[in-house]
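In: Have a look; sequence and predicted model below, questions after that.
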Amino acid sequence: MRVSVLGAGGWGTTLSLILNLNAHEVTLWEYKRNYARTLRKSRINKLYLPGIKIPDEINITNSLSEACNDKHMIIIAIPTQFIRPVMHELKKEKFNDTIFVSVSKGIEKDTLMTVSKVLKDELPSIDENNIGVLSGPSHAEEVSRKIPTALVAASLDENTAKQIQAAFMTSYFRVYSSTDVIGVELGGALKNVIAIGAGIVDGAGFGDNTKALIMTRGIAEISRLGIQLGAQPVTFSGLSGMGDLIVTCMSKHSRNRFVGEQIGKGRKLKDVLKSMNMVAEGIETCRSVHQLSEELDIETPIANAAYKILFEGKDPIKATYELMTRDMKSEH
C-alpha cells in the first residue's frame, strides 16, 4: 500500500519503520521545513528517536499535499491539540476510500472530542467506516528496537480494523482488532491523566502500595467515564486500557509520568514543560476529563485531584490524604 504518516515525532517515525519493513510505500510528513530537510539528510531523528536509522526508501516531506495525495492509508501521529488545523488544510483534498488511522492519545480541549470525531468534523466527506485508531502499551523507544509489543486496531467497520491490523503486524509488533473505537481511544487518552497521578506519587515519595492504588482505582474512573460515553466495559481490561495504563504509569519512557513526578517533587508545571522537547498529552486531557466529569456527573476523584495539583497549585501530599479520607464505599 501507499501509506503516509503525518507527524515525525518518535512514534510517527517508529510506525513508518514498521510500515516500511512490511514493504509498504511510506511517506513521513514533518511539519517543520528545516527539520524535514535535516531528516532527509541525516536519516536519524535526533530530537525524538536518536540512534535509529530511517531507511532511504521512506520519503520524508514537508508538503502536506504530497503526503496525502493518492494514499491508501494515512496515519495521524500528531499531538491531539494540533490535529484540527492540519486536517483543516486537507478539506479540499479528495480521499475516496483512504483509511485514516489515529495513533494520537488525547481529547481535544474545549470541544472534548476524541481524534476520530475531530477527523469526521473537519473532513465530513470521509466515510466513518474508513476511520480507525491504533492504541496500546507502546513506547517508541522500545518498539523501534523491535522489543515485542501488542496493540489494538479499532474501527466501526470490522474489515477496516483488519486492514489496519494487517498493515502493521510483524514478528515483534502484534495487533489485535476491535470495533470499539471510542473505548480504545478513551483508554489511550485517559490513562495519561492517571499516569500523571502515578508520577506525583513517585515524586512525593509515597510507595508501591500507593501507586497500585492510583492505578487500580484509576482504571475504575476510566471505565466509569468511558462506559458513560458509549465504550464497551471489556475494552478497559485489555491492551488499550489496563495494558496502556500499566506501562505509562511504570515506565521511565513515559512523559506523563515524568511530568507528575516533577510536580510531586515540588516543581511548577510551566517550568517542567519548558524542559521538555515532547508533548505530554495528559496535561490538556486532564482539563478535558475534569470538564467531562462535571458535565456528566461522573465521579473521577483521582483525575480531579490531578487537575487541582496541576492547575490550582494544590499540595500533592494534602491531595493524596484527601483521597484517602473520602467516605467509605463498596469497591464495585
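Out: Received the coordinates, thanks. Numbering: from 1, shown residues only.
In: Show me what counts as buried in the host helix or strand of Ala319.
Out: Here Ala319, judged by DSSP states H and E, is contained in helix 316-324. By neighbour count with 16 or more other Cβ atoms under 10 Å, helix 316-324 contains the buried residues Pro316, Ala319, Thr320, Leu323. Heads up, the C-betas are built off the backbone N, CA and C, glycines and all.
In: Repeat that for stretch 195-205.
Out: In stretch 195-205, counting by 16+ other Cβ under 10 Å, buried: Ala195, Ile196, Gly197, Ala198, Gly199, Ile200, Val201, Asp202, Gly203, Ala204.
In: any idea of the mean pLDDT in it?
Out: For stretch 195-205, mean pLDDT is 97.
In: What of stretch 276-283?
Out: Stretch 276-283 comes out at a mean pLDDT of 90.
In: can you list the residues that contact it?
Out: 9-10, 47-48, 79-81, 104-106, 189, 192-193, 195-196, 255-256, 258-259, 269, 273, 310 (Cβ atoms under 8 Å, 6 or more residues apart in numbering).
In: Let's see the PyMOL selection covering just the buried ones among the residues you listed.
Out: In PyMOL, this line selects whichever of these come out buried by 16+ other Cβ under 10 Å:
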select buried, resi 9+10+47+48+79+80+81+104+105+106+189+192+193+195+196+255+256+258+259+269+310
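In: So for stretch 151-163, what gets flagged as buried?
Out: Leu151, Val152, Ala153, Ala154, Ser155, Leu156, Asp157, Thr160, Ala161, Gln163.
In: for those, which one is nearest Glu128?
Out: Comparing the buried residues of stretch 151-163 against Glu128 with Cβ to Cβ places Leu156 closest, at 6.0 Å.
In: Now do the phi/psi pair for that closest one.
Out: Leu156 adopts backbone torsions of phi -60, psi -30, taken as degrees, to the nearest 10.
In: From what I see, it and Asn130 are in contact.
Out: No: counting by Cβ atoms under 8 Å, Leu156 stays clear of Asn130, with 9.4 Å between them.
In: can you list the buried residues of stretch 195-205 in JSON lines and add secondary structure and distance to Thr98?
Out: JSON lines is the format used below for these (DSSP: H, G, I helix; E, B strand; the rest coil; distance: Cβ to Cβ, whole Å):
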{"residue": "Ala195", "secondary structure": "helix", "distance to Thr98": "33"}
{"residue": "Ile196", "secondary structure": "helix", "distance to Thr98": "35"}
{"residue": "Gly197", "secondary structure": "helix", "distance to Thr98": "38"}
{"residue": "Ala198", "secondary structure": "helix", "distance to Thr98": "38"}
{"residue": "Gly199", "secondary structure": "helix", "distance to Thr98": "38"}
{"residue": "Ile200", "secondary structure": "helix", "distance to Thr98": "41"}
{"residue": "Val201", "secondary structure": "helix", "distance to Thr98": "43"}
{"residue": "Asp202", "secondary structure": "helix", "distance to Thr98": "42"}
{"residue": "Gly203", "secondary structure": "helix", "distance to Thr98": "44"}
{"residue": "Ala204", "secondary structure": "helix", "distance to Thr98": "47"}
